[in-house]
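Asker: Can you look at this prediction? I've put the sequence above it.
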Amino acid sequence: MKQEFTFTIKSVRFDENYRPADSTRLTTNFANLARGERRQENLKNALRMIDNRFNAMAYWDNPNGDRYSVELDIISVDMDVAGNGEAFPSIEVLQTTIVDHVTGKRIDGLVGNNFSSYVRDYDFSVSLLEHNRDRNGFSVPEGFGDLHGKLFRCFVNSDTYKQHFHKLPVICLSVSDNKIYHRTENVHPVLGVEYVPNESSLTEQYFQKMGMQVRYFMPAASVAPLAFYFYGDLLTDYTNLELISTISTMETFQKIYRPEIYNANSCAGNYYQPNLKHQDHSVTRIVYDREERSRLAVKQGKFAEEHFIKPYGRILEQWSADYVI
């Protein structure tokens, strides 16, 4: 289908001097670290953790464990819906670049990694909550995630995306704490041992509407599996260094935000259920306010409702009805 929306991509380096833009969701992993009195220390420590983890995984021809470093760029995607030049901050992801200090080469990593969306905040923190407010039992609104899924597919299939990125995105998230994951015999040399969940989660179903599959892997020296959302074939479409760049980046964020799971002092067994109340874990020296993050998700969902869902409702509804997947 012909693309009616105009996407504009902006890139900002995520380093120790990073400051979130006004349009950035403050619950986003990278933005949350760049706030408060210890913002620069937070950023330095997180970036150091990423580099250390990358070198530990990319150990071949790397005797001192310092051959590589990872550069991160925040990719912000603005969308003009009405064609009037007014852009809404629709998506933010991370792009990794690998610097090889032996050869001097800069190697493209993966785009995706982290995933940020105001519309997703609206779906989960406004629409879903309002739908279940006066109900007995939990249910999902009809068409939940349809618009968001089609918007994301539209962006990934756009000329704008193809001009900027050579491969489809991979998004890496935490596992769900209300599912049980079973260890399989399948082991990948980089991704590690594969786990499968006992049932599908709402997050899985939401990403399916974005056209993405999911597989769960626990890399070597990790203590819990990560969720990898992708198009195509995760195991053959990407190089070892590309996959390592995603693992080192997102595992670092998860150790900070989900230490009960990803910085636990014991490793996931054959049957594993994540627990955010697990006490036997270590914490990083990086400051993070989890309660504030939950409050901000609702605030950001309301922002999307006020500045995107309501003013462009008719346009979006018609476009979504006509969009052919």
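Answerer: Yep, it's here.
Asker: Once you drop chain neighbours, what's closest to the one residue sitting closest to the centre of the chain?
Answerer: Among the residues of the chain, residue 114 comes closest to the average C-alpha position under Cα atoms, centre = their mean, at 2.6 Å. Ranked by Cβ to Cβ, 6 or more residues apart in numbering and with sequence neighbours excluded, the top spatial neighbour of residue 114 is residue 94, at 4.6 Å. For glycine as for every other residue, the C-beta is placed from the backbone atoms N, C-alpha and C.
Asker: in the stretch 51-200 of the chain, which spans are strands?
Answerer: Applying DSSP state E, counting those that start in this stretch to the stretch 51-200 of the chain gives strands spanning 68-80, 87-100, 106-116, 170-173, 181-188, 192-197.
Asker: quick one on the thing from earlier: measure the residue nearest to the centre of the chain to residue 173 for me?
Answerer: Relative to residue 173, residue 114 is positioned 9 Å away (criterion: Cβ to Cβ, to the nearest Å).
Asker: shared neighbours of these two, anything?
Answerer: By the contact definition Cβ atoms under 8 Å, 6 or more residues apart in numbering, residue 114 and residue 173 are jointly contacted by residue 250.
Asker: Can you pull out the low-pLDDT segments for the chain?
Answerer: 1-3, 21-32, 34-36, 287-294 (pLDDT under 70).
Asker: now with 50?
Answerer: For the chain, the stretches flagged by pLDDT under 50 are 1-3.
Asker: where do the helices sit along it?
Answerer: Using DSSP state H, the helices assigned to the chain run over residues 29-33, 39-57, 118-122, 128-132, 146-156, 159-164, 202-208, 240-257, 259-262, 290-304, 313-322.
Asker: Can you redo those helices as JSON lines, where the extra columns are mean neighbour count and distance to residue 76?
Answerer: Compiled in JSON lines, the helices of the chain are given as follows (neighbours: other Cβ atoms under 10 Å; distance: least, Cβ to Cβ, whole Å):
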{"stretch": "helix 29-33", "mean neighbour count": "23", "distance to residue 76": "11"}
{"stretch": "helix 39-57", "mean neighbour count": "19", "distance to residue 76": "18"}
{"stretch": "helix 118-122", "mean neighbour count": "24", "distance to residue 76": "12"}
{"stretch": "helix 128-132", "mean neighbour count": "14", "distance to residue 76": "25"}
{"stretch": "helix 146-156", "mean neighbour count": "21", "distance to residue 76": "12"}
{"stretch": "helix 159-164", "mean neighbour count": "13", "distance to residue 76": "12"}
{"stretch": "helix 202-208", "mean neighbour count": "17", "distance to residue 76": "20"}
{"stretch": "helix 240-257", "mean neighbour count": "24", "distance to residue 76": "17"}
{"stretch": "helix 259-262", "mean neighbour count": "20", "distance to residue 76": "26"}
{"stretch": "helix 290-304", "mean neighbour count": "16", "distance to residue 76": "15"}
{"stretch": "helix 313-322", "mean neighbour count": "13", "distance to residue 76": "20"}
